[in-house]
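**Student:** Got a predicted structure here, sequence first:
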Amino acid sequence: VQLVESGGGLVQPGGSLRLSCAASGFTFSSFVMNWYRQTPGKERELVASISGGGGRTDYADSVKGRFTISRDNAKASVYLQMNSLKPEDTAVYYCKASATIFREIVYWGQGTQVTVSS
């Protein structure tokens with residue numbers, strides 16, 4: 001099983017980034033996909049979620065209207081389009097796959113750094 005994030009980097013306030021997470025080794029469409037973020041000394045925070053079929057999405061209040069989560073089950077990938085970025089969006093962003101199949105199954109990616117700074 002692998003989740004590989006990409007697309008992080010340095011961006012100025014007000015700018016945009018698109019994160020990608022490529023999955024392999026499991027039945028991607030059966031899993032809810034999530035983006036989390038974490039800054040030093042703080043707990044990992046849920047940013048956005050998308051259902052297996054892509055029909056339902058949820059967002060943290062702090063990113064509503066600025067971030068969009070999407071998925072392509074044919075490519076086993078999930079994306080996070082981040083617009084109007086703010087310095088407080090600076091964090092390591094993680095991709096997480098979760099499902100309950102007799103038991104809870106959770107997979108995490110290794111994370112990608114997003115830095116919003118002028």
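**Tutor:** Cool, got the structure.
**Student:** Using the three-state scheme, assign E88.
**Tutor:** helix (DSSP: H, G, I helix; E, B strand; the rest coil).
**Student:** Quick check: the residue lying closest to Q12 once chain neighbours are set aside vs L85, distance?
**Tutor:** Computed as Cβ to Cβ, 6 or more residues apart in numbering, the closest residue to Q12 that is not its neighbour in sequence is S118, at 5.4 Å. C-beta here means a position set from N, CA and C on the backbone, and glycine is covered the same way. Separation of S118 from L85 (Cβ to Cβ, to the nearest Å): 11 Å.
**Student:** Now for those two: what residues contact both?
**Tutor:** Residues touching both S118 and L85 (Cβ atoms under 8 Å, 6 or more residues apart in numbering) are P13.
**Student:** quick one, which of the two is more surrounded?
**Tutor:** L85 (22 against 8; other Cβ atoms under 10 Å).
**Student:** That concludes my questions; thank you for your assistance.
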